[in-house]
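Q: below: sequence and its predicted model.
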Amino acid sequence: MSYLPLFSLETWILLITVICLFVMYGYWTHGIFDKLGIPGPKPYIYFGTIVYYMDDHKSAMKYGKLWGAYEFRRPVLFVMDPDMLKTILVKECLTYFTNRRDLRLTGELYDAVSMAEDDQWRRIRHTLSPWFASGHMKAMFRIMKNHSQKLINQMRSKADKSGVIIVKDFFGPYSMDVMGNCAFGLDLNCINNPSSPFITHASQLFNFSLPLIFIQGAFPHHVWFFPFLIPLLQLLGFSLFSKTSMAFFKTFMEKFRGEYDKTSNQKSGDMLRHMINSQTKSENPNKGLSDHEILSQSTMFLFAGYETSATTLVFLAYNLARNPDIMKRLQQEIDTTFPNKSPVHYEGLLQMEYLDSVISESLRLYPPAARLERVTKETIRINGTTIPKDMMIVVPVYALHRDPELWPEPEQFKPERFNNENKHSIRPYTYLPFGIGPRNCVGMRFALLMVKLGLVEVLQNYSFSVCEETEDPLTMDPKGLLAPKRPIKLRLETRSSTSGNEDI
Ligand code: HEM
């Protein structure tokens, strides 16, 4: 105790006050779910429940359809109850639950449609939506076909050697080439150059920096302590998105935009032309997009479309390789719809029932967006539960899709769950690979078309099977979108028949 006299009484009081404040601040937000009577794991000072935060499936088994967790100091309400989901995602979406979390350190992407809020979001979404209408998708199908053909050709040399492939090395470039061509009218030709900077930067873009995530979670905006921290980081140019990748897309878009204005046909059907044509800067500020908004949508689209669609195709190949009977039945449907490997056409593709069931079931097991998010604008009571203003709501889609009460044998790949006979008995608001309601995935129709075309043309020509290097079960990467930690490897073989049915 000889060191005690080193401090004066005032210093001691100050020190104890600082320690008390530090401890209080670390727990300040952690009592909210106890007060609301909502169960959930016990939080640690400052860190909240982050140690068990990622395993939604386990939490759902333990706490049921509603539980509270803490992303560091930020309370997060997890909702799996279908009636509550209907209110949050659909009925009250435009009133109480319009926005996702304010990521704040978004750098240049602050006005991308997925980040924008309220009126700005409404205007951007309203401008983009017509481009995704079914009439326009038929024109995009013609563009997609160029790239599916290149995909088949690219696979040929590997399949001839009965080779083992990293599946994403083929579906990733296909997806990026389709996105680039439909969004900007540009052939990125990633299929012949899988290490293209477009692929590398799109993959890196959402590799969020962990320290920045910590700061965002530790100092949520409605808490008055340290209010300067986030604006300071914004001022210093910190961003959750990779700065190098953002700079790459920005430089590319700015350069490309200059050339595009000179060379592009006014009537070209790509997304960039649609956005430029929407610009009505002069008279009506409530319509059209600004130059910066166009830049942000373009970057966001490349990423949103590339990663999700490529991942969907990779998981489809994996599920089919592990279930050869299902793959053969699908190949049978393909051969009946397009006999003798005849060209795949739009109408035929959309009529294929088994194809639809297989894709739906694969998206049930592996939804690329494993969680949806909304933030409550005002305090609201839903089905007896009070949800306070500013509360972040998470819909744990991955856990919902594997709930044994909703999906018997949830780990099994069973496309028949989604056939015409059975799909009507799926409880509404329990199957959400594209979200639902006014803020659902705007690119859903486009994505399904690209995935269906890619899969059908590949299975017309090749079969997948598991090999020694195929991981089973998969280890998932806990960061970002749902993806395997290590690349999925499968064996690719050329189908022997020309008429299609002999190898079945
Ligand atoms: C299989 C592929 C895809 C899947 C599984 C998927 C899934 C999703 C999900 C779950 C959401 C959030 C919905 C919500 O919060 O309710 C979303 C949002 C979004 N998706 Fe997709 N997506 C895919 C492909 C695409 C494509 C190809 C595009 C663009 C061409 C796209 C553009 C967007 C955009 C812009 C948003 C934000 C919408 C808004 O905030 O209004 N997605 N997507």
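A: Yep, it's here.
Q: after the host helix or strand of E347 comes which helix or strand?
A: Assigned by DSSP states H and E, E347 belongs to helix 346-351. Going down the chain from helix 346-351, the next helix or strand is helix 353-365, by DSSP H and E.
Q: and the residue in the stretch 51-200 of the chain positioned nearest to the ligand, what is it in contact with?
A: Using CB to the nearest ligand atom, the single residue of the stretch 51-200 of the chain nearest to the ligand is S114, 3.7 Å away. C-beta coordinates here come from the backbone N, C-alpha and C atoms, glycine included. Residues counted as contacts of S114 (CB atoms under 8 Å, 6 or more residues apart in numbering) are 100, 300, 304.
Q: who wins for neighbours among those?
A: A304 (23 neighbours; other CB atoms under 10 Å).
Q: flag every residue of this protein that's near the ligand.
A: Residues of the chain lying near the ligand by CB under 6 Å from any ligand atom: 113-114, 125, 301, 304-305, 308-309, 312, 368-369, 372, 433-435, 439-443, 446-447, 451.
Q: narrow the residues you listed to those that are buried.
A: Buried subset of these (neighbour count, 16 or more other CB atoms under 10 Å): 113-114, 301, 304-305, 308-309, 312, 368-369, 372, 433-435, 439, 441-443, 446-447, 451.
Q: where does this structure dip in pLDDT?
A: 1-5, 52-54, 103-107, 162, 206-240, 264-267, 280-286, 478-480, 497-504 (pLDDT under 70).
Q: could you pick out the longest helix of it?
A: Determined from DSSP state H, the single longest helix within the chain is helix 291-322.
Q: just checking, next helix/strand downstream of it?
A: In N-to-C order, the element after helix 291-322 by DSSP H and E is helix 324-337.
Q: would you mark the buried spots in that next one?
A: Here helix 324-337 shows 326-327, 329-331, 333-335, 337 as buried, counting by 16+ other CB under 10 Å.
Q: which parts of the protein are strands?
A: Along the chain, the segments classed as strands by DSSP state E run 66-71, 74-79, 164-166, 372-375, 380-382, 385-387, 392-395, 462-465, 489-494.
Q: give me the helices and strands touching the fifth one, please.
A: Which is strand 380-382. Helices and strands touching strand 380-382, by 3 or more CB pairs under 8 Å, 6 or more residues apart in numbering; DSSP states H and E, are strand 385-387.
Q: off-centre distance for the strand it packs on?
A: 27 Å (CA atoms, centre = their mean, to the nearest Å).
Q: ok, that strand: who's next to it in the sheet?
A: Strand 385-387 has the following sheet partners, assigned by DSSP bridges: strand 380-382 (antiparallel).
Q: could you list the buried residues of the strand it pairs with?
A: 380, 382.
Q: any residues touching that strand, and which ones?
A: For strand 380-382, the surrounding residues in contact (CB under 8 Å, 6+ apart) are 84, 87-88, 92, 96, 386-387.
Q: make it 6 Å
A: Residues from elsewhere that reach strand 380-382 (CB atoms under 6 Å, 6 or more residues apart in numbering): 84, 87, 96, 387.
Q: also stretch 126-138?
A: 271, 274, 278, 289, 346, 442, 445-446, 449.
Q: convert the C-alpha atoms of it to CSV, please.
A: Listed next in CSV are the C-alpha coordinates belonging to stretch 126-138 (Å, rounded to 0.1, in the frame of the first residue of the first chain):
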residue,chain,number,x,y,z
HIS,A,126,-38.4,4.0,-58.3
THR,A,127,-35.9,5.0,-61.1
LEU,A,128,-34.2,1.6,-61.2
SER,A,129,-37.2,-0.8,-60.9
PRO,A,130,-38.5,-0.4,-64.5
TRP,A,131,-35.2,-1.7,-65.9
PHE,A,132,-35.9,-5.1,-64.1
ALA,A,133,-39.4,-5.5,-65.6
SER,A,134,-40.1,-8.8,-67.3
GLY,A,135,-40.3,-7.3,-70.8
HIS,A,136,-36.8,-5.9,-70.5
MET,A,137,-35.4,-9.1,-69.1
LYS,A,138,-36.1,-10.8,-72.4
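Q: so which bits of it are buried?
A: Applying 16+ other CB under 10 Å to stretch 126-138 flags 127-128, 131-132, 136-137 as buried.
Q: and if you look at stretch 463-472?
A: 463-466, 470.
Q: closest to E361 out of these?
A: F464 (15.9 Å; CB to CB).
Q: quick one, what contacts the closest one?
A: 317, 320-321, 490.
Q: over to G305?
A: G305 neighbours (CB under 6 Å, 6+ apart): 179, 443.
Q: can we see that at 7 Å?
A: Contacts for G305 (CB atoms under 7 Å, 6 or more residues apart in numbering) come out as 175, 179, 443, 447.
Q: could you identify the most distant pair in these?
A: Longest span within these, CB to CB: S175 and G443, 11.7 Å.
Q: on that earlier part again, please flag which of the contacts of G305 sit within helices.
A: 175, 179, 447.
Q: show me what the closest residue to D160 other than its chain neighbours is bridged to.
A: Leaving aside its sequence neighbours, D160 sits nearest to T494 (CB to CB, 6 or more residues apart in numbering; 6.5 Å). Beta-bridge pairing for T494 (DSSP bridges): Y462.
Q: just confirm T494 contacts A159, I think it does.
A: Yes. The pair T494 / A159 is scored as a contact, 4.5 Å apart, by CB atoms under 7 Å.
Q: intersection of neighbour lists for those two?
A: Common neighbours of T494 and A159 (CB under 7 Å, 6+ apart) are Y462.
Q: quick one: which of these two has more around it?
A: Between T494 and A159, counted using other CB under 10 Å, the more crowded position is A159 (19 against 14).
Q: mind listing what that one touches?
A: A159 makes contact with 462, 492-494, according to CB under 7 Å, 6+ apart.
Q: ok, now which ones touch T376?
A: Contacts of T376 (CB under 7 Å, 6+ apart): 96-97, 387, 389-391, 393.
Q: how about M444: what's its closest non-neighbour residue?
A: Distances taken as CB to CB, 6+ apart place F434 nearest to M444, at 4.4 Å, with adjacent residues excluded.
Q: next, I426: phi, psi?
A: In terms of degrees, to the nearest 10, the main-chain angles of I426 are phi -70, psi 130.
Q: quick one: residues contacting it.
A: Per CB under 7 Å, 6+ apart, neighbours of I426: none.
Q: from F47, how far off is Y25?
A: Relative to F47, Y25 is positioned 13 Å away (CB to CB, to the nearest Å).
Q: go on, I16?
A: Per CB to CB, I16 is found 23 Å from F47.
Q: quick one, which of these two is more surrounded?
A: More crowded of I16 and F47, by other CB under 10 Å: F47, with 17 against 10.
Q: number of residues surrounding the residue nearest to I38 when sequence neighbours are not counted?
A: Excluding the flanking residues, the one nearest I38 by CB to CB, 6+ apart is G68, at 4.4 Å. Counted with other CB under 10 Å, the neighbours of G68 add up to 22.
Q: check contacts around G68.
A: Neighbouring residues of G68 by CB under 7 Å, 6+ apart: 33, 38, 40, 75, 77.
Q: my guess is the last one contacts P388, does it?
A: Translated: L77. No. With contact defined as CB under 7 Å, L77 does not count as touching P388 (9.2 Å).
Q: so for those two, which residue has more residues nearby?
A: Set L77 next to P388 and count neighbours by other CB under 10 Å: L77 wins out with 24 against 14.
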